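Peer 1: give the three-dimensional model of this entry:
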Amino acid sequence: MPSALVVGYAPQAAPGVDGDALRAALDEELTRFGEHGIDAAMALVVFDESAESVLVAALTERPWDVVVVGGGIRKTEQLLPLFEQIVNLIRRHAPQASIAFNTSGGDSVEAARRWL
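Peer 2: Prediction:
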C-alpha cells in the first residue's frame, strides 16, 4: 500500500481560522486517503522552534512514498521560511519521497496521487 505524509499548519495556530472545523476537514481528508488505498498520516506544525523536531519525527517514522505540503504553508508569505525549511527537511530525511503540493486541505489525495 502506498504511503503519504501530509504536512500542514496546525489548525490551532492559524489566526482567524476555526481550528475545530479545520481539524474535522483534515480528518475527513485522511479518511479519503484510506478510501483510495493510501496509508496516510499528518504532521501539523506551528511556525516556531518546534517545527523541525515535529517534521523530522514524522519524516523518519517510515519510508514515505510522497510528502504533500499544504497550501496554507506554501501560500502564506510570512510562512515562506517555514516552507523552505519543510522542503529541505524532506530532501534530507525522506529523499525517496516525491514532493507534492495541494491547493487546500480538501485535495491532498489528488496531490499525492499525481506522484504515486
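Peer 1: and the residue nearest to residue 115 when sequence neighbours are not counted, how many neighbours does it have?
Peer 2: Excluding its sequence neighbours, the residue lying closest to residue 115 (CB to CB, 6 or more residues apart in numbering) is residue 98, at 3.6 Å. Just so you know, the C-beta spots here come from the backbone N, C-alpha and C atoms, and that holds for glycine as well. Here the number of neighbours of residue 98 (other CB atoms under 10 Å) works out to 16.
Peer 1: looking at it, residue 98 is touching residue 68, isn't it?
Peer 2: No: using CB atoms under 8 Å as the test, residue 98 is too far from residue 68 to be in contact (9.4 Å).
Peer 1: what's the distance between residue 115 and residue 52?
Peer 2: Separation of residue 115 from residue 52 (CB to CB, to the nearest Å) stands at 24 Å.
Peer 1: my read is residue 44 is in a strand, agree?
Peer 2: Yes: counting by DSSP: H, G, I helix; E, B strand; the rest coil, residue 44 is found in a strand.
Peer 1: contacts only, for the residue nearest to it when sequence neighbours are not counted.
Peer 2: Once flanking residues are discounted, residue 44 sits nearest to residue 10: 4.1 Å by CB to CB, 6+ apart. Residue 10 sits next to 44, 45, 46 when contact means CB atoms under 8 Å, 6 or more residues apart in numbering.
Peer 1: filter these down to the buried ones and express that as a ChimeraX selection.
Peer 2: The ChimeraX command for the buried members of the contacts of residue 10 (criterion: 16 or more other CB atoms under 10 Å) is given here:
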select :44,45
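Peer 1: the contacts of residue 10 into a markdown table, with extra columns for pLDDT?
Peer 2: Formatted as a markdown table, these follow (pLDDT from 0 to 100):
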| residue | pLDDT |
| --- | --- |
| 44 | 92 |
| 45 | 91 |
| 46 | 86 |
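Peer 1: ok, so of the contacts of residue 10, who is nearest residue 80?
Peer 2: residue 45 (14.3 Å; CB to CB).
Peer 1: and the nearest residue to the closest one once chain neighbours are set aside, how many residues sit next to it?
Peer 2: Excluding its sequence neighbours, the residue lying closest to residue 45 (CB to CB, 6+ apart) is residue 51, at 4.4 Å. When neighbours are counted by other CB under 10 Å, residue 51 registers 21.
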